[in-house]
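> give me a model of this one.
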Amino acid sequence: LNQRLDLFRKVCTAVNFAHRNLIVHRDLKPSNILVSKDGLPKLLDFGISKILSPEFEQINSSTVTKLGVMTPGYASPEQMQNKSVTTANDINSLGVILYELLSGHRPFENKENDFKEIFRAVLEQEPAPPSSVIDAVAKHFNEKIEAETEIKNFEKSAKKQAETEENYFRRTLPQTVNLSSNSLRGDLDNIVLKALRKEPERRYSSAENFAADVHLHQRGLPVSARPNTFSYRAEKFIKRNRLAVAASFVILLTILAGIAATLWQARRAEAQRIRAENRFNDVRNLANSFLFEITPQIETLSGATLAKEMLVKRALEYLDSLSAESEDNTLRRELAAAYEKVGDVQGNPFEANIGDMRGALESYEKARSIRVKMVEKNPENLELKTELAKNTQLIGDILFNSGKQKQAEEKYTEAVKMQEEILQARPDDKQTQFGLAAARFALGTTFFWNSNYDESLKYFVPAKETFEKLNESDPVNEIYIDRLANSYIRIGETIAWQDKLEDGEASIQKGQAMIAPLVERHPNNARFRKTLWTANLRAGEIFLDWEKYDECLKVWGKALELAKISVAQDPKNVVAKRDLALSFNKVGDALDSSGKGEAAMENSKQALKLQQEIAESDSQNFEIRRQLASTFKRIGYAQTTMKDHGGSRASFENAMRQYEELIKLDPNDQKLPREIAIISQTIGETFVAEAKERDKNANLEKALEWLEKSRSSFVELKEKGSYIDRLTDKETKARANIFFH
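Here you go, the predicted structure:
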């Protein structure tokens, strides 16, 4: 058997060489494979085969040319249907050849004399495993031998028939090789049947892979053609290492017996016994949960959020119980890391999460409590300090996205200082350099959102420079590329807000060019897709400022498609749903600016529905409530375009209520007063529009009241140094309209 398999692998090597040189044989069969006296197979083409081996040219193996070059018994389903030729055709033919080498017969041999029958069989019927063919042939042969002894009247005829069958049997199954059905059942059956799949994509991807699977079987290793179950891998391991496994089992029994004797003799106190038993049960429950609940969910889902919900529920149960008992430093360190992982799943705003930011903050705080105590006991341990710095930054992320910007800034500042101290102790450590750059980037974001763009660049630029150095030292590290691209995008957005639109666009385009190849290489990587989504979003904002609405709609349309993919892959992912809502809003902005108010409003309504779902499930999510207010504002603008002034005013008032609630939660947020000023101005403009259309002086009085409120808000913002240059021009024009009227 092994000699046959070795020979077949050599054939696969020849076919693979042809495929690598862009040649598809299309008519592989035994008559086209010449085996030399020294056992070396040589792959021939049909014409040469016909000259060198005329004895093989029987009716049941002749090549059909009416439907293209092929031999029906060895042809693939796609060849039968005259579809385009690929290397998958040859893989199918190799499968038939191996089938014949192992069983002595072809899958549909009894139908080859009728083209309609063989056509139907190749396309529709599943071949029987080679092992079952051997059983059937052996049974048939035995029945013939029995017939010889039972039918006395036809002794001569029966004997002749039996000899014919025996000769046939010996031709296909030489007596020198013991090919039993048991030797094929399992791996070899599955390998052959995988090569004969009706769907080309389900066969082996190459002849090399086909041969590799055969070789794995010969070496007693698991093959790809069979499900990679634990029981299968264990069976293969035990067969390869019978003596070692048996010896290990004996040793294990000896150890267990020794442990049992020791425990019996020690007779520990009752309290210690109960504590050990509780810990054992906790660990056992966790293991069972991972093995039988979480792992299958993650394996079968394209998005793993559902499984993560289960993980949070199970993990918190055992973490809290172990945390109350543990005094061991190693275990407490692991507990802190576990709490952080649970927090990520609950509500990390930059990762796929289940929308529980309050729960995430509690988990991060539990981890922090453990880490602070450990650092106090070991102040010189840089690893513990690094873990505490990362934990501090995670807490800052939650505070920032919960609307507590001042507290977030404090946490980010603390994280930056810790990372700077660690870097002084080990200046060449790349992980520390990366951690410091990430902390600076996060701190710069707080200044950006409060419109302090000069201050934000003081942190964004050094972070970008660090990511550049890391990327230069390790150009293939895709995490470095992603963070560097993010830095260019954020810097571009920042300088664009300083009215340096050309420079801003150039920086964003640079980041976009970095991340696009990563998304192409890893289409299922949500982090890389998010970075590309951000680049498209920011580029569109600059095109909107330039009033290039077609370009704007193009890039925001790309962002929308990326966000849809993320939600489709993981429908319960709150971050993905939030990004999709924002994408709908941005497309709506472009449509509204192009005068397509109705289409813009439809997009904003889609965004509103998603944001309301998220807000209901996570009431602590400050950022989603801010976006909800912005969506009401966008709907108002679309209604204004449609000249529905009453409807637009109602939408603007909804937005106003949202912003007023948000400013109560975070009085230090400098963007919220500006939004309120803009909304006040816009409500005033709706009264102006109605006054122009209906000549109602009462509307002018209301307009003036709202615009005065807006003006005073702008004056106050300007006195504080907030960035309002773009808005001042719009406010001045609105007031001029009032006085002119």
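
> ok, the nearest residue to residue 660 once chain neighbours are set aside - contacts?
The shortest distance from residue 660 to any residue that is not its chain neighbour, by C-beta to C-beta, 6 or more residues apart in numbering, is 6.9 Å, and that residue is residue 676. Heads up, the C-betas are built off the backbone N, CA and C, glycines and all. If a contact means C-beta atoms under 8 Å, 6 or more residues apart in numbering, then residue 676 has 656, 659, 660, 663, 713 as its contacts.

> dump those residues into a markdown table; add distance to residue 547, neighbour count and pLDDT as well.
Rendered in a markdown table, the data for these read as follows (distance: C-beta to C-beta, whole Å; neighbours: other C-beta atoms under 10 Å; pLDDT from 0 to 100):
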| residue | distance to residue 547 | neighbour count | pLDDT |
| --- | --- | --- | --- |
| 656 | 27 | 20 | 86 |
| 659 | 27 | 26 | 84 |
| 660 | 32 | 14 | 84 |
| 663 | 31 | 17 | 80 |
| 713 | 27 | 21 | 66 |
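
> before we move on, back to that, state the mean pLDDT of the helix or strand hosting the residue nearest to residue 660.
Using DSSP states H and E, residue 676 sits within helix 671-694. Here helix 671-694 scores 75 as its mean pLDDT.

> buried stuff in it?
Neighbour-count burial for helix 671-694, counted by 16 or more other C-beta atoms under 10 Å, picks out 671-691.

> same check on stretch 605-619?
Within stretch 605-619, judged by 16+ other C-beta under 10 Å, the buried ones are 606, 607, 608, 610, 611, 614, 615, 618.

> any chance of those in CSV, plus distance to residue 87, secondary structure and pLDDT?
CSV is the format used below for the buried residues of stretch 605-619 (distance: C-beta to C-beta, whole Å; DSSP: H, G, I helix; E, B strand; the rest coil; pLDDT from 0 to 100):
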residue, distance to residue 87, secondary structure, pLDDT
606, 45, helix, 90
607, 47, helix, 88
608, 51, helix, 88
610, 45, helix, 87
611, 49, helix, 85
614, 48, helix, 81
615, 53, helix, 80
618, 51, coil, 67
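
> any idea which of the residues you listed is closest to residue 580?
Comparing the buried residues of stretch 605-619 against residue 580 with C-beta to C-beta picks out residue 610 as the nearest, at 6.0 Å.

> that closest one contacts residue 580, doesn't it?
Yes. The pair residue 610 and residue 580 passes the contact test of C-beta atoms under 8 Å, sitting 6.0 Å apart.

> closest to residue 359 among the buried residues of stretch 605-619?
Within the set of those, residue 618 lies nearest residue 359; the separation is 9.6 Å, counting by C-beta to C-beta.

> quick one, strands of this protein?
Ranges of strands within the chain are 33-35, 41-43, based on DSSP state E.

> by contact count, what packs against the first one?
Helices and strands in packing contact with strand 33-35 are listed as strand 41-43; criterion 3 or more C-beta pairs under 8 Å, 6 or more residues apart in numbering; DSSP states H and E.

> just checking: what are the partner strands of the strand it packs on?
Sheet pairing of strand 41-43 (DSSP bridges) gives strand 33-35 (antiparallel).

> for the partner strand, buried residues please.
residue 33.

> centre of the chain to that strand, how far?
In this view, strand 33-35 has its centroid 46 Å away from the chain centroid, taken as C-alpha atoms, centre = their mean, to the nearest Å.

> ok, now stretch 595-604?
32 Å.

> contacting residues around that stretch?
By C-beta under 8 Å, 6+ apart, the residues outside stretch 595-604 that reach it are 584-585, 587-592, 631, 634-635, 637-642.

> narrow these to those in helices?
In helices, judged by DSSP state H, the following of the contacts of stretch 595-604 are found: 584-585, 587-592, 631, 634-635, 637-641.

> can you tell me which two in these are farthest apart?
584 and 640 (18.7 Å).

> between the two, tell me which one has more neighbours.
For residue 584 versus residue 640, neighbours defined as other C-beta atoms under 10 Å are more numerous around residue 584 (26 against 21).

> nearest spatial neighbour of that one, skipping sequence neighbours?
In space, and not counting its chain neighbours, residue 584 is closest to residue 607: 3.9 Å by C-beta to C-beta, 6+ apart.

> and the one you found, what is it in contact with?
Contacts here follow C-beta under 8 Å, 6+ apart; on that basis residue 607 touches 580, 581, 582, 583, 584, 585, 588, 627, 631, 634.

> looking at those residues, which is nearest residue 343?
Closest to residue 343, out of all of the contacts of residue 607 and judged by C-beta to C-beta, is residue 627, at 22.6 Å.

> check contacts around the closest one.
Taking C-beta under 8 Å, 6+ apart as the contact definition, residue 627 lies against 578, 581, 582, 585, 607, 611.

> how much space between it and residue 409?
Relative to residue 409, residue 627 is positioned 21 Å away (criterion: C-beta to C-beta, to the nearest Å).

> do residue 465 as well
Computed with C-beta to C-beta, the distance linking residue 465 and residue 409 is 22 Å.

> more crowded one of the two?
When neighbours are counted by other C-beta under 10 Å, residue 409 comes out ahead of the other of residue 465 and residue 409, with 20 against 13.

> not counting sequence-adjacent ones, nearest residue to the more buried one?
On the basis of C-beta to C-beta, 6+ apart, the spatially nearest residue to residue 409 that is not a chain neighbour turns out to be residue 446, at 4.5 Å.

> now do the contacts for that neighbour.
Applying C-beta under 8 Å, 6+ apart, we find residue 446 in contact with 400, 405, 408, 409, 412, 456.

> confirm for me that the fifth one is in contact with residue 439.
Yes. Counting by C-beta under 8 Å, residue 412 sits close enough to residue 439 to count as a contact (6.4 Å).

> pull up the overlap in contacts between the two.
Common neighbours of residue 412 and residue 439 are listed as residue 393 (criterion: C-beta under 8 Å, 6+ apart).

> got any ranges where the stretch 101-250 of the chain has weak pLDDT?
Of all residues in the stretch 101-250 of the chain, those with pLDDT under 70 make up the ranges 137-178, 228, 230-241, 245.

> quick check: the residue nearest to residue 660 vs residue 563, distance?
29 Å.

> rounded mean pLDDT for stretch 506-525, please.
Stretch 506-525 shows a mean pLDDT of 93.

> what does that stretch rub up against?
Defining contact as C-beta under 8 Å, 6+ apart, one finds that stretch 506-525 is touched by 302, 478, 481-482, 484-489, 491-493, 495-496, 528-529, 531-532, 535-536, 538-539, 542, 569.

> mark which of those residues are buried, thanks.
By 16+ other C-beta under 10 Å, those give 478, 481-482, 484-489, 491-493, 495-496, 528-529, 531-532, 535-536, 538-539, 542, 569 as buried.

> return the subset of the residues you listed lying in helices.
Among those, the members falling in helices are 478, 481-482, 484-489, 491-493, 495-496, 528-529, 531-532, 535-536, 538-539, 542, 569 (criterion: DSSP H).

> for this protein, what helix or strand is lowest in average pLDDT?
Every helix and strand of the chain was ranked by mean pLDDT, DSSP states H and E. The lowest is helix 295-300, at a mean of 40.

> could I get the phi/psi values of the residue positioned nearest the centre of the chain?
A centroid search over the chain (C-alpha atoms, centre = their mean) returns residue 524, at 3.7 Å, as the residue closest to the centre. Main-chain dihedrals, residue 524, degrees, to the nearest 10: phi -100, psi 10.
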